[in-house]
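**Student:** Take a look and give me a structure for this.
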Amino acid sequence: MRQTPGEYFGNVGRTVTSFWHGLSVTLSYLLRRPVTTQYPDRTPLPVREMLPPRYRGFLEVDAGVCTGCQACERACPIGCIQINLEKDAANPKQRVVTQFDIDEAKCMFCGLCVEPCPTGAIQHTREFEAASRSVRNLVFRWADPANPFPVYKVDKNAEYYPRAPLGSLMRAKLEARDWAAAAPQFLPPEPPKPPAAKAPPKPAAPAAKPADSAAKPADSAAKPAPAADAVTAKVAEAAAPAPKPAPVPPAAAGAAEPTAPSSKPQA
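**Tutor:** Purely as a prediction, here's the structure:
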């Protein structure tokens, strides 16, 4: 389809106009002095308030509604959460949390620990500014070993859980900590240990010695039963040849032989 001269030159004019609009933004800064915005102090609003509602920042734990179920510790795929529970010395029926450490330097902000929490005690906040001279300062302790907090007992009839405003606890910790503070003395959480390998089955007891077992049949064969001995003796006695009689001298033979009576009548 052929274009008229008016349509052709109209397309050329619109192309030059759009090109000039994009280039004018760059040319407007050509004669200006460079300006650096003091982030985040001179933004219209704090940056944390301009983030989306479901932003995953530093983890926060509200000890007031923590049940001590350790579901978040088991769900963490890299083991950056470490929780220890003990029995209260004053009340053995009550359990207390003596350690609840989260290593934010290792956290990958996946949110898997937030999902299984029954009361929403652990949540992602919008806080992300925690520059520190030592990386070990990014291990946040939410339980004091000297003053452990008791586990929260869930009320089944409660419509909501009395949780602190999201981000207020983490913000207080960040404001109270100096970025150049010395590293803490406690160690970060240990990685999860692999399951213990099952012990190999014990070998069966060794069998009896072959020498002893071979000797027993030999002894039993050497001693036949009494009935077998009697039968064998009779068979051998019957098979033996009869002994020959000793020769008798002739004189002794004539004297010894009696005279037979004569059948003729005497005259």
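**Student:** residues in contact with residue 118?
**Tutor:** 67, 69, 71, 154 (CB atoms under 8 Å, 6 or more residues apart in numbering). C-betas here are computed from N, CA, C, even on glycine.
**Student:** For residue 61, see how far away the first one is.
**Tutor:** Taking CB to CB, to the nearest Å as the measure, residue 67 falls 12 Å from residue 61.
**Student:** got the contacts of residue 118 as a markdown table, with secondary structure, neighbour count and distance to residue 136 columns?
**Tutor:** Converted to a markdown table, the contacts of residue 118 look like this (DSSP: H, G, I helix; E, B strand; the rest coil; neighbours: other CB atoms under 10 Å; distance: CB to CB, whole Å):
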| residue | secondary structure | neighbour count | distance to residue 136 |
| --- | --- | --- | --- |
| 67 | coil | 17 | 28 |
| 69 | coil | 18 | 27 |
| 71 | helix | 16 | 26 |
| 154 | coil | 12 | 34 |
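**Student:** By pLDDT, give me the weakest of the residues you listed.
**Tutor:** The lowest pLDDT within these belongs to residue 154, with 88.
**Student:** I'd like the distance between that one and residue 14.
**Tutor:** Applying CB to CB to residue 154 and residue 14 gives a distance of 66 Å.
**Student:** likewise residue 34?
**Tutor:** 34 Å.
**Student:** In contact with residue 50: list those residues for me.
**Tutor:** With contact set as CB under 8 Å, 6+ apart, residue 50 has these partners: residue 43.
**Student:** should've said residue 124
**Tutor:** 55-60, 109, 111, 114.
**Student:** Do you know the pLDDT at it?
**Tutor:** 96.
**Student:** Ok, residue 230 next?
**Tutor:** For residue 230, the pLDDT comes out at 59.
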